[in-house]
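Peer 1: I need the structure of the sequence given here:
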Amino acid sequence: MSLRLVIFDFDGTIVDSHTRIARVMTDVIVGHGFAAPDPAELKAAIGLPVIKMYELLTPEAGPETWSTMRDQQVAHGAKLRESGGGPEPLFPGALEAFGVLEEAGHLLAITTNKGRPGLDHDLIGHDMARFFVTTRSAHDGHLKPHPDAVHDILAKTGVEAANCVLVGDTETDVLTATNAGVKALGVAWGYHAPESLLKAGAVAVASSFNQLPLLVEEHLGSAR
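Peer 2: Here you go, the predicted model:
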């Protein structure tokens, strides 16, 4: 049986980072003298590279200010970690689903536009790095929706694109999968509506982490 690979997005798929991201971005934007962003627009922007989020939310700001905003957000995350801030909360059933997928013989990986320090902080804090054979962060190459991260993970694991699925909560994740030539599975508990994920090209949307292993087997087949 050929190897099977499940690549996960992180923010909005594994951890519920919306509250922390929204608070920091709002503080940064307001601190630069702009109006607080519309909460729905901010939530819809999650999943894009950070600087792209600021471009969407403050189109009048300009490149230099967007770069400064991004740096301020990165600095806030570092300060939080240094002060002993805990990991962002997991969505219910995440660890159990990873265990089921691993037991079924699937390889697991992560590709995220989150920075490496924040990713590692959460992986260690929840003792879940052990589930993933490799991870790609914003510090490791092109950002999603560029397909480079997926192609790199496929090369490292020796898995063919036809035997891989990317699991994510945003249209950016679905586009990444499409660009890389792999299937996309959406999740209903994240930051974009299930119908938008299906319209973007997801083959299915999981309603819960408990359902996810069944959908993976349905669209990838057994790894045993």
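
Peer 1: Give me the distance between the residue lying farthest from the centre of the chain and R23.
Peer 2: For the chain, the largest distance from the centre (Cα atoms, centre = their mean) belongs to G33, which lies 29.6 Å off. Look at G33 and R23: by Cβ to Cβ, to the nearest Å, they are 18 Å apart. C-beta here means a position set from N, CA and C on the backbone, and glycine is covered the same way.

Peer 1: tell me the domain ranges of the protein?
Peer 2: 5-16+89-220, 18-82 (automatic domain parsing).

Peer 1: Give the rounded mean pLDDT of the helix or strand hosting A149.
Peer 2: Element membership for A149, per DSSP states H and E: helix 148-157. Helix 148-157 comes out with an average pLDDT of 97.

Peer 1: repeat for stretch 44-54
Peer 2: Per-residue scores along stretch 44-54 average to 86.

Peer 1: for this protein, what spans make up the strands?
Peer 2: Secondary structure of the chain (DSSP state E): strands at 5-8, 107-111, 134-136, 164-168, 183-187, 204-206.

Peer 1: on contacts alone, who are the packing partners of the helix holding A149?
Peer 2: Helices and strands touching helix 148-157, by 3 or more Cβ pairs under 8 Å, 6 or more residues apart in numbering; DSSP states H and E, are strand 5-8, strand 107-111, strand 134-136, strand 164-168, helix 171-180.

Peer 1: could you dump these to CSV with mean pLDDT, mean neighbour count and distance to T65?
Peer 2: Shown next, in CSV, are those (pLDDT from 0 to 100; neighbours: other Cβ atoms under 10 Å; distance: least, Cβ to Cβ, whole Å):
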stretch, mean pLDDT, mean neighbour count, distance to T65
strand 5-8, 98, 28, 33
strand 107-111, 98, 25, 28
strand 134-136, 98, 21, 28
strand 164-168, 98, 27, 29
helix 171-180, 97, 24, 23
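
Peer 1: Of those, which is nearest K199?
Peer 2: Nearest of those to K199, taken as Cβ to Cβ: helix 171-180 at 8.4 Å.

Peer 1: Just want the angle from the closest one to helix 148-157.
Peer 2: Angle of helix 171-180 versus helix 148-157, following axes from the mean of the first three to the mean of the last three Cα atoms, to 10 degrees, is 60 degrees.

Peer 1: looking at it, R116 is touching G141, isn't it?
Peer 2: No - counting by Cβ atoms under 8 Å, R116 stays clear of G141, with 11.2 Å between them.

Peer 1: Residue ranges in this structure under the pLDDT threshold?
Peer 2: For the chain, the stretches with pLDDT under 70 are 1, 222-224.

Peer 1: what distance separates the top helix by length along the chain from the middle of the whole chain?
Peer 2: For the chain, the longest helix by residue count, based on DSSP state H, is helix 63-82. Helix 63-82 sits 19 Å away from the centroid of its parent chain (Cα atoms, centre = their mean, to the nearest Å).

Peer 1: Start the count at 56 instead of 1 going forward.
Peer 2: Taking 56 as the first residue, the last one we looked at is helix 118-137.

Peer 1: in that helix, what counts as buried?
Peer 2: Neighbour counts over helix 118-137 (16 or more other Cβ atoms under 10 Å) mark 120-121, 124-125, 127-129, 131-132, 136 as buried.
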